[in-house]
Structures are given as structure tokens and as C-alpha cells.
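J.: could you look at this predicted model? Sequence included:
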Amino acid sequence: MSRRRLQQLVDSLGRSARHFNKNEVECLIKLFNTLVADSNNRFATVGFDRNVFRDTLHSAFGMTDDVLMDRDCFEVYDLNGDGYISREEMFQMLKNSLLKQPSEEDPDEGIKDLVDIALKKMDYDHDGKLSFMDFEKAVKDENLLLEAFGPCLPDLKSSMAFEQKTFRETRKL
């Protein structure tokens, strides 16, 4: 990509990027172009395929869970793909993500209580399940809720290491 074309793209994307400054946008474009160049498929001029994306998630962030790598955050929790996160799906995600502690209490009761709390906090239309709109509003209001039912994003340490490495390497290009 020519320097002029890169600058035009940075200017264009920079106007709409709320969470990145122009240097970061330029670094992300360079990273994308590097990933596309590394992709050995016939679609390399358009983008990179799922395998390159998954390889990047694995190598950069140590992510290995197929369910997490194949979906975005809402879809990770919408296990049956019906467009809603139901009480049962919340229960399963929490049950799988919480450590089991030996106690006399039934652990499922504690998980049911957590589901009730999550629904009370996130279910804005009070229909007993989370739509994407409910989820999006809850996460925008309190981003700690993004991983309310278990991790769906790389951990902070991996993210910071990736960011430092990426921005250092792409500045050299």
C-alpha cells in the first residue's frame, strides 16, 4: 500500500474511530495488511480467512477454546443461536466458569441466584432473557458486565503484550 493511500485510509477511519488515535489506526491498518499478506489463500486481496484469524487469536492471546474463537461476545453466551441469552444459557455458562467449592450447600442454588442478579441488572425489557439490545446497553453502561457469564475476551496481560508488540512492530514498517 502506498504511503498516500495509507494516509487517506488513516484519515478516513480516524474520523470515525472513537477509541483509537490516528497513530493507532495506522498501526492497525498495517497489522491487518501484514495478516492479509500472511494469509496464503485466494481471498488475500479482500481479507483473511477464519484460520488466519484463529491462528492470530491463538498465537497473540493464547486463546484455544473453539467456542470463544468462533463467535463474538454476545454469541459466545447465546449457545443455541436464537438471538437471546436465556436463563438456562446463563446457568450453563456460569456453572462452567465458576470454581466448584466443597460445601454443604447445593452449588446450583448459588448459580441460580447469580442468574437472577444478572437478569435483574441486564434485562431491560423484563422478558426473562437477554436480547442483543439488553446485552449491549448493559455492557455500555457497565463494561465489567461484558464477561458476566465467563470469559469471552483475552486476558488483560495478553492484550497488553499484543498491543505493545503490535504498535512497536508496525511503527517500524
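T.: Yes, it's here.
J.: burial count for Val52?
T.: 18 (other CB atoms under 10 Å). Yep, even glycine has a C-beta here, placed from its N, CA and C like the rest.
J.: does it touch Thr34 like I think?
T.: No. The criterion here is CB atoms under 8 Å, and Val52 misses it with Thr34 at 10.5 Å.
J.: need phi/psi at Asn21.
T.: phi -90, psi 180 (degrees, to the nearest 10).
J.: and the residue nearest to it when sequence neighbours are not counted, which helix or strand is it part of?
T.: Among residues not flanking Asn21 along the chain, Gly14 sits closest, at 7.7 Å (CB to CB, 6 or more residues apart in numbering). Assessed by DSSP states H and E, Gly14 sits inside helix 3-16.
J.: from the contact counts, what lies against that helix?
T.: Packing partners of helix 3-16 (3 or more CB pairs under 8 Å, 6 or more residues apart in numbering; DSSP states H and E): helix 22-38.
J.: which elements pack onto the helix it packs on?
T.: helix 3-16, helix 50-61, helix 156-172.
J.: so of these, which one's packed in deepest?
T.: Of all these, helix 50-61 has the most neighbours on average by mean count of other CB atoms under 10 Å, namely a mean of 15.
J.: now it against helix 22-38, angle please.
T.: Orientation of helix 50-61 against helix 22-38 (axes from the mean of the first three to the mean of the last three CA atoms, to 10 degrees) gives an angle of 130 degrees.
J.: begin at 342 from now on, thanks
T.: All set: I'll call the first residue 342, so the last point we hit is now helix 391-402.
J.: low-confidence ranges, this structure, go.
T.: Residues of the chain meeting the criterion pLDDT under 70: 379-391, 405-412, 439-446, 491-494, 508-514.
J.: pop the domain breakdown of it in here.
T.: For the chain, automatic domain parsing gives the domain ranges 344-404+497-513, 414-488.
J.: the last one: how far from the chain's middle?
T.: What that stands for is domain 414-488. Remark: domain 414-488 is offset 16 Å from the chain centroid, using CA atoms, centre = their mean, to the nearest Å.
J.: would you work out how far apart the start and end of it are?
T.: From its first residue to its last, domain 414-488 covers 8 Å (CA to CA, to the nearest Å).
J.: identify the residues contacting Lys453.
T.: Applying CB atoms under 8 Å, 6 or more residues apart in numbering, we find Lys453 in contact with Phe432.
J.: okay if I get the helices and strands packed on helix 363-379 as CSV plus distance to Leu369?
T.: As requested, the helices and strands packed on helix 363-379 are exported to CSV (distance: least, CB to CB, whole Å):
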stretch, distance to Leu369
helix 344-357, 8
helix 391-402, 13
helix 497-513, 8
